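In: Pasting the sequence and the predicted model now:
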Amino acid sequence: MNPADSAPATARRFHRLDISAPAFWARDFRSRDEVFARLRAEPGLTWHAPAPALFPHEEPGFWAVTRHRDIAYISRHPELFTSSLGISMDPMPVELQRPTSFFLTMDPPQHTRYRRLVSSAFTPKQVRRIESQIRANAAEIVDEFLADLGAGPVDLVDSLSRKLPMRTVSDMIGIESADREAVAYAAEAMFSSSDEEYASLEERASFFMTQFGILHGAGTELAARRRREPRDDLMSAIVAAEVDGHRLSDEEIGAFMVLLASAGNDTTKQTTSHGFKALVDHPAQREWLLEDFDGRIGGAVEEFVRWATPVLHFARHAVTDTEVAGTPVRAGEKLVLFYCAANRDETALDAPHIFDLTRAPNPHSGFGGGGAHFCLGAWLARMQLRLLFHELLTRMPDVVLGEPEYVHSDFVHGIKRMPVRSA
C-alpha cells in the first residue's frame, strides 16, 4: 500500500496520469484506454484531481476505479458505497443531480420502491405494444434512411441513429409530434453539454438547466394531462402505478422523464452508431451474423453495447471507512466507476480490444456494474437494437463510412456525425 493512500484527502498527491482534464477526454477512446490500462496495472486505486467544475465546490479529488472486479464489488454493495451523495464525476451539487437523475441518486430501500413503481407500469400488454411500435418505427426509419442513401451521402447519426430511440420514448409516453424534436435536442444536449458546439464554458451551466427545464416540464405537463384524461398508454400507467401505498408525484414523473429521455435516448443512439461502424469495419462479423440472425443477434447486441460503452462512468461515495483493492477509502470520499475501462479489462474479458460478435461469456459493464442500479431500460435498449439491426442488415447495400466526429465529453462516448454513402 502506498502511504499516501491513507493520508487525509487534502494532503494526497494526485496521480501523475491526469484523467480529469478536458484535454484527456478530447483524445480518442483507444488512446484514453492506454492510460486506463496503466492505471488498471497498478496496485489498488489511484487518486485524481477533481474534474473542472461549473459550480463552487470543495471536493478534494476522487478514486479512479478502473478494474472490472472492483466496479462490480462497489456496485453490489450500496451499504458501503452510496449513490445519494451524487453520481457525477464532475463536481456538481447533489441537489442539482437529484432532479436530473431521479432514482439513480437513491439507495435501497428508497431506490427499490421507486424502481418497483416504474417497473410496475411495464405490464406484458405495454411491453407488447412497445415492441409493436418499435418494429413499425424501425422499418419506417430504415425505409427513409435507404431512400436518403440512394440520393447521395448522408449523416448516419441524423438520418438513422437518433431517430428510433426518440420515437420509442415519444410513443411510449405520448409526446406530441410537434414537441418531439425539442425534446430530442434537449436530451442530446444535456448529455453533451461539455462539447463547445452546444455551449461555451461560460454558458454551460445555464444551458444545461435550460435543457433540463424543457425535459422536466414536458414530463410534468404530460403527467398532469394524463391524470385528467387517462389513455391506454405508458404515461397513464405510470401515473396510476402504486406500490405499498405510494404513487409518483408529477414532479417525480418529471424527473423520470428527464432520465428516460436523456439516458433512454442518447445511449441507444450512440450504441447504434458505434455498432454500425464496427460492422462496416468488420465485414466478416456482419456476414457471420447474417448467417443466423435470429440465433446470433442476442449475443451481438451485448457486444455492440460493450464496444460502444455509451456511458463512460458513474460515481459513488463511501458510506464509512472501508477498503477497495487494498486501498483504504475514507467515509465521504468519491469513487468514479469507469465502465469504459472495465469493458477493456483483460482480466475479465478475452482480447477486449477486438470486436467479436461470438464473444461468450460477455460480462460487460455497458449497463452498469450490476447490483441495484443495473440499467432498468436494458431490455428496451436490447429490443430496439435487435429490431433496428434486423431491418438494416437484411436490406442495406454495402456502404462506405467517412471519419466520425466525436462528442467532446467526459461522460458519453458519442458520435456527433458520421458520413455514409453507398459503395
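Out: Done, it's in.

In: For the chain, which residues score under the pLDDT cut-off?
Out: Scanning the chain for pLDDT under 70 picks out 1-10, 191-196, 198-202.

In: quick one: contacts for the residue nearest the centre of it?
Out: The chain has residue 311 as the residue nearest its centroid, 3.7 Å off, counting by Cα atoms, centre = their mean. Contacts were defined as Cβ atoms under 8 Å, 6 or more residues apart in numbering; by that measure residue 311 touches 263, 267, 339, 366, 411, 412, 413. Every C-beta, even on glycine, is put in place using the N, C-alpha and C of the backbone.

In: Would you map the strands across the stretch 51-200 of the chain?
Out: Per DSSP state E, counting those that start in this stretch, the stretch 51-200 of the chain has strands spanning 62-65, 81-82, 154-155. These are given in chain order.

In: what pairs with the second one, and is each one parallel or antiparallel?
Out: Strands that pair with strand 81-82, judged by DSSP bridges, come out as strand 313-318 (antiparallel).

In: Return the distance of the strand it pairs with from the chain's centre.
Out: 15 Å (Cα atoms, centre = their mean, to the nearest Å).

In: How about stretch 117-125?
Out: Worked out by Cα atoms, centre = their mean, stretch 117-125 lies 22 Å from the chain centre.

In: Using PDB, list the CA coordinates for it.
Out: These are the backbone C-alpha positions of stretch 117-125, laid out as PDB (Å, rounded to 0.1, in the frame of the first residue of the first chain):
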ATOM      1  CA  LEU A 117     -43.100   1.700  -9.100                       C
ATOM      2  CA  VAL A 118     -41.700   2.400 -12.600                       C
ATOM      3  CA  SER A 119     -41.300  -1.300 -13.400                       C
ATOM      4  CA  SER A 120     -44.900  -2.000 -12.500                       C
ATOM      5  CA  ALA A 121     -46.100   0.200 -15.300                       C
ATOM      6  CA  PHE A 122     -44.400  -2.100 -17.900                       C
ATOM      7  CA  THR A 123     -47.100  -4.700 -17.900                       C
ATOM      8  CA  PRO A 124     -47.000  -7.500 -20.500                       C
ATOM      9  CA  LYS A 125     -49.600  -5.600 -22.500                       C
END
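
In: Check what contacts it and list those residues.
Out: Against stretch 117-125 from outside (Cβ under 8 Å, 6+ apart): 103, 234, 237-238, 240-243, 246-248, 256, 376.

In: Tell me which stretches of the stretch 1-150 of the chain form helices.
Out: Listed in chain order, the helices found in the stretch 1-150 of the chain under DSSP state H, counting those that start in this stretch are 22-25, 29-41, 68-75, 94-101, 110-120, 124-151.

In: Pick the most buried one from those helices.
Out: helix 68-75 (a mean of 22; mean count of other Cβ atoms under 10 Å).

In: outside of that helix, which residues touch it?
Out: Under the contact criterion Cβ under 8 Å, 6+ apart, helix 68-75 has outside partners 45, 65, 80-81, 316, 324-325, 335, 337-339, 342-343, 345, 347-349, 363, 365, 368-371, 373-374.
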